[in-house]
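# here are the coordinates; sequence isn't available:
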């Protein structure tokens, strides 16, 4: 009897798995497209991924650079919309008036409900509150830096923290080793001078 539970990995399945993976480049492409289109579906398509996988990635990386950049991408477009709405609220919209098919005049109509609704929505689109010290250095205005961070930096804040700690430990180890070597040299030279005969 043959065991069919183990199927050998073929080049095709390896290639398919690689194609279905969110690489750093794909994440950056997605975020840039999201900032331009404000559509998750279009942005995922631009990255060669599915909309569902984008939401799954965002859920997995909640509070991480990708999630913050997602918020910032949505905020980029929203700020332009909020500016237009504020202009409409302050200056109104010109409404033409016709009589028997001819323009006889215009008036201004002000709709503050739109502005109130957009400003309330803006608060909902605020970046996620993160207690992490590294996340606090990014906000919606830092969209470009966030995308660069997603593309070139570690995937999570914890990973970045670990890398920084490892670098600091390496520096401390090097300094301790140098100090120990200098201490040995000075101990050797004082021992030589103590035992030297005139």
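Good, I have the coordinates. Just so it is clear, the model here is predicted, and its values are computed rather than measured.

# List the contacts of the helix or strand where residue 117 lies.
Residue 117 belongs to helix 112-124 when assigned by DSSP states H and E. Outside of helix 112-124, the residues within contact range by Cβ atoms under 8 Å, 6 or more residues apart in numbering are 78, 81, 82, 85, 86, 88, 89. Any C-beta I mention is one placed from the backbone N, CA and C, and that applies to glycine too.

# Name the residues of it that are buried.
For helix 112-124, the buried set under the neighbour-count rule, 16 or more other Cβ atoms under 10 Å, comprises 115, 118.

# What of stretch 32-52?
Under the neighbour-count rule (16+ other Cβ under 10 Å), stretch 32-52 has 32, 33, 34, 35, 38, 40, 43, 44, 45, 46, 47, 49 buried.

# Next SSE downstream of the particular helix or strand that has the third one in it?
Using DSSP H and E, residue 34 maps to helix 24-37. Reading on from helix 24-37 to the C-terminus, the next helix or strand found by DSSP H and E is helix 40-46.

# what's the distance between that next one and the middle of its chain?
What separates the centre of helix 40-46 from the centre of its chain is 16 Å, taken as Cα atoms, centre = their mean, to the nearest Å.

# Mind checking the pLDDT average for it?
Per-region confidence: helix 40-46 scores 95 on mean pLDDT.

# Packing partners of it?
The criterion is 3 or more Cβ pairs under 8 Å, 6 or more residues apart in numbering; DSSP states H and E, and the helices and strands that helix 40-46 contacts are helix 24-37, helix 51-60.

# can you list the residues that contact the shortest one?
Think helix 51-60. So helix 51-60 is contacted by 20, 22, 27, 30, 40, 41, 43, 44, 47, 66, 67, 70 (Cβ under 8 Å, 6+ apart).

# before we move on, the earlier item: for the buried residues of stretch 32-52, work out which two are farthest apart.
Farthest pair in the buried residues of stretch 32-52 (Cβ to Cβ) is 38 and 49. Separation: 17.3 Å.

# need the strands for the chain, in chain order.
Ranges of strands in the chain, per DSSP state E, are 93-99, 102-109.

# Could you check the angle the last one makes with strand 93-99?
Yep, that's strand 102-109 we're talking about. 150 degrees (axes from the mean of the first three to the mean of the last three Cα atoms, to 10 degrees).

# what pairs with strand 102-109, and is each one parallel or antiparallel?
strand 93-99 (antiparallel) (DSSP bridges).

# low-confidence ranges in the chain?
Judged by pLDDT under 70, the chain has its weakly predicted residues at 1-20, 79, 122-141, 184-198.
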